[in-house]
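J.: Below are the sequence and a predicted model; questions follow.
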Amino acid sequence: MKLRNLSPLSLAILAALTTSVNAEEIKTTAKQDAFEKIEVTARKRTESLFESPTAITSIGANLIDKANMSNLEDIGKYVPNLNITRYGVGNSAHASVFIRGIGLQDHIITTDPGVGVYLDGVYLGRQMGSNLSLPNVERVEILRGPQGTLYGRNTLGGAVNVITKQPGDEGIITTTAKVGSRGRIAGDVYFNNALNDDISMSASASYKTRDGVGEAVNLANPEKEIGEEEEFSGRVAIKWQASSDLALTFSLDGVDNESGQSPYTIELTEPLDSNDVFNGDFPLLTQDLIPSDPDDLGTTVAGIESTSYSGWGTSFTADWAINDTYAAKFISSYRTSEYEGGLDDDASPLNLSEFPEEGGADQYSFEIQLNATFENMDFVSGLYFFNEDGFTRSGPFVFSPFNTPNSLLNDGVTPSFGGYGNFEINQETNSYAAYINASYDLTDDLTLGGGLRYSQDEKDADAIFPSFPARKYVSADFDAVTWDINASYQLSNDMNVYGQIQKGYQTGGFPPRPFGGPDQFTSFDETKAINYEVGLKGQVHENVSMMLAVFVTDYTDLALPFSDPTAGGGFVTIVENAGQSKAQGIELETTVAITDDFTIRSAVGYLDSEITDVADGVQGIGKGDSPALTPRWTVMIAPSYFMDLSNGGTLALNANYSYRSDMQGQSVYNESETIDSRELVGFNISYTNPYGDMEVTLYGENVFNEIYDVGRLQQSGFVGVMRSNDRSEFGLKFKKDFELN
């Protein structure tokens with residue numbers, strides 16, 4: 001038999017049948033699983049989730065598996081006041097992370113996210129590539145609210161930490177495989193073992209593929225279906241325990257994604273008159289030229305229906321226990337990535353507006369920490385440096401309004417259509433920071449804490465657009481002092497109350513698409529925020545745990561990117577500091593053990609966010625308008641039920657429900673931008689054998705096939721609509737552990 005001709009599922013089953021199992025019987029209950037002590041490292045120190053004086057959600061590997069979370073976008077369905085969506089030239093590797101109303105939908109090199117995404121402590125500077133797959137991840141920690149002290153720049157809304165399984169002494173190989181509807185095939189393998197007394201190693205490899213949901217109907221031989229998925233990823237880490245006090249860890253990870261464009265269509269918002277060039281961007285377009293199935297694409301531009309993303313990164317970490325009090329840590333990293341994508345903005349065969357695009361970025365960073373733990377005090381301090389050098393290019397693109405200069409249009413010259421152009425933006429960023437964060441036990445029950453950070457960012461950019469007479473070079477510097485103070489009080493052995501005030505900072509920058517001319521390519525200011533928050537955490541009853549947070553956040557000089565249909569063409573993207581904004585809300589996460597074998601997890605978030613003051617000269621926005629991609633209500637419910645079987649095995653039934661209320665697609669010119677609410681339902685029915693080392697699961701994702709918008713951008717005469725790609729899916733998963741002697 002030739003093993004290379006077998007599917008991943010067949011290989012896993014063959015391995016299970018030909019390997020003897022000597023594992024001890026593993027027993028657990030739903031209650032034990034729900035109330036296990038959760039430790040987090042979100043504040044760069046190991047502490048109990050219930051004792052940490054900030055709003056944190058920790059999603060472990062078990063919940064990731066039982067809720068069928070396959071990438072970061074799925075995490076956004078199960079955390080209060082968190083919304084993860086995408087637009088990014090139709091590329092599925094793109095992730096727009098919004099927490100408490102703060103985030104960024106764009107991806108161009110001159111734009112920075114409002115929520116920081118970290119992989120094992122390494123900041124990912126780009127939104128493109130942040131939609132990480134989640135095989136063999138230990139946990140994902142989500143910090144809500146400004147994280148200006150410990151994380152610094154671009155964590156205005158919060159931070160997301162993805163923490164992978166680290167090398168250890170346990171000798172194990174875990175294989176998983178999945179087959180399902182829509183042509184789903186996926187599999188991954190994880191290896192961990194001690195190579196000798198001092199060196200241990202972990203490695204993982206993953207593959208997934210799925211059919212698309214639509215077709216490029218006007219292409220004779222399309223490379224991909226719309227919404228098709230295909231991705232390889234892998235990671236290896238080696239840990240050397242050089243001495244009892246010094247540990248060195250090196251890691252290398254990579255990903256290669258070749259997928260179809262995310263489902264995209266347009267909606268006409270006004271009758272288009274072919275005799276009036278100013279009546280919308282596409283006066284020649286009529287509704288009958290747009291495919292009737294919004295999952296289909298009407299383009300005749302070959303290649304724009306497919307996307308790609310590839311990248312790799314390394315990191316080196318040294319942990320040194322200097323003595324019983326002091327410890328030092330050094331983290332260095334290098335990452336590089338490239339992507340291709342594109343959108344056909346008229347979504348028809350007319351070739352009025354197509355934007356094939358490519359981009360990439362190289363980044364490296366260094367962080368050195370000096371930390372200490374005393375009898376009544378601990379602190380974390382550090383110095384940080386980050387460099388990023390990247391580009392965005394598009395072309396040859398078609399954009400009809402720029403084929404004839406505005407000055408000639410005003411003189412009555414008939415415009416031409418179907419011309420070509422190119423644009424390019426480059427940017428290099430250097431960021432420096434120094435910080436300290438400390439906590440002090442004033443009594444056995446009362447702890448006071450605080451932190452301070454200084455950040456400085458230097459940006460140099462250049463751009464050339466069809467409307468520029470020559471390449472324009474710009475520079476800007478930004479800096480900020482951010483801080484936080486907090487207090488926590490232990491009400492009992494199981495309950496803690498806290499209060500905190502945090503100041504956060506998001507760097508300024510340059511607009512991503514200044515098609516209107518070089519005067520538009522100018523810097524905008526940084527955004528700053530102060531968050532006031534009180535919370536209650538702990539086990540309120542033997543069978544009930546709870547985390548409650550109530551907050552008010554004030555934002556100053558809120559930067560709002562939007563497509564301005566009045567600024568020289570529908571694809572212009574302007575960034576304005578709109579003035580001031582306020583967000584206030586409540587977050588409640590609970591776990592209730594109905595019985596030892598039946599628990600219900602839930603998370604509810606309420607957010608009231610609006611623009612409270614508008615700067616002079618800002619167009620298209622007013623007081624009371626809502627920031628983009630910010631649902632007022634976020635809800636998650638996940639019941640779990642365990643059944644012990646007569647053969648010693650266990651049957652686990654898990655369901656999950658996720659709700660996001662309606663929201664605005666963009667903050668400015670948003671009359672046609674409402675994204676309707678959506679509800680998602682999924683389930684897992686798993687059988688675990690008596691030894692606890694093999695599991696077979698029947699799963700269902702989005703079982704009612706909810707199709708919803710994930711992005712809406714107002715243009716002149718039409719709205720660009722990015723649609724969901726997580727359609728209904730049913731299948732089987734198989735998991736097998738092998739012990740290594």
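T.: Nice, thanks for sending it over. Residues are numbered from 1 along each chain as shown.

J.: Now do the strands in the stretch 351-500 of the chain.
T.: 353-373, 377-399, 420-441, 446-464, 472-490, 495-506 (DSSP state E, counting those that start in this stretch).

J.: where does this structure dip in pLDDT?
T.: 1-37, 270-281, 283, 399-420, 561-572, 574, 617-620, 622, 667-672 (pLDDT under 70).

J.: Mind putting the strands of the stretch 351-500 of the chain into TSV with mean neighbour count?
T.: Yep, even glycine has a C-beta here, placed from its N, CA and C like the rest. Converted to TSV, the strands of the stretch 351-500 of the chain look like this (neighbours: other C-beta atoms under 10 Å):
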stretch	mean neighbour count
strand 353-373	19
strand 377-399	19
strand 420-441	18
strand 446-464	19
strand 472-490	17
strand 495-506	21
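
J.: how about these in a markdown table, adding distance to residue 540?
T.: Below are these laid out as a markdown table (distance: least, C-beta to C-beta, whole Å):
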| stretch | distance to residue 540 |
| --- | --- |
| strand 353-373 | 30 |
| strand 377-399 | 27 |
| strand 420-441 | 24 |
| strand 446-464 | 20 |
| strand 472-490 | 14 |
| strand 495-506 | 7 |
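
J.: of these, which approaches residue 135 most closely?
T.: With C-beta to C-beta, the closest approach to residue 135 among those belongs to strand 353-373: 23.4 Å.

J.: partners of the closest one in the sheet?
T.: If you go by DSSP bridges, strand 353-373 pairs up with strand 326-344 (antiparallel), strand 377-399 (antiparallel).

J.: Tell me the buried residues in the first one?
T.: This means strand 326-344. 327-329, 331-333, 335-344 (16 or more other C-beta atoms under 10 Å).

J.: What of stretch 247-254?
T.: Those would be 247, 248, 249, 251, 253, for stretch 247-254 by 16+ other C-beta under 10 Å.

J.: bridging residues for the nearest residue to the fourth one once chain neighbours are set aside?
T.: Closest residue to residue 251 apart from its sequence neighbours, by C-beta to C-beta, 6 or more residues apart in numbering: residue 237 at 4.1 Å. Here residue 237 sits in beta bridges with residue 202, residue 251, as judged by DSSP bridges.

J.: Quick check: the gap between residue 237 and residue 454.
T.: Counting by C-beta to C-beta, to the nearest Å, the separation of residue 237 from residue 454 is 32 Å.

J.: who wins for proximity to residue 733 among the strands of the stretch 351-500 of the chain?
T.: strand 353-373 (34.5 Å).

J.: tell me the angle of the closest one relative to strand 420-441?
T.: Strand 353-373 and strand 420-441 are oriented at 20 degrees to each other (axes from the mean of the first three to the mean of the last three C-alpha atoms, to 10 degrees).

J.: that older thread, just the buried residues of strand 326-344 now: which is nearest residue 216?
T.: Nearest to residue 216 among those is residue 344, at 9.2 Å by C-beta to C-beta.

J.: The closest one contacts residue 297, correct?
T.: Yes - using C-beta atoms under 8 Å, residue 344 is in contact with residue 297, at 6.5 Å.

J.: quick one: common contacting residues for those two?
T.: Taking C-beta atoms under 8 Å, 6 or more residues apart in numbering as the contact rule, residue 344 and residue 297 both touch residue 264.

J.: can I assume residue 63 sits in a helix?
T.: Yes - with DSSP: H, G, I helix; E, B strand; the rest coil as the criterion, residue 63 is located in a helix.

J.: who touches it in this structure?
T.: 69, 78, 601, 638 are the contacts of residue 63 under C-beta under 8 Å, 6+ apart.

J.: The spatially closest residue to the third one that is not a sequence neighbour: neighbouring residues, count only.
T.: In space, not counting the residues next to it along the chain, residue 601 is nearest to residue 638; the distance is 4.4 Å by C-beta to C-beta, 6+ apart. The local packing count at residue 638 equals 20, with neighbours defined by other C-beta atoms under 10 Å.
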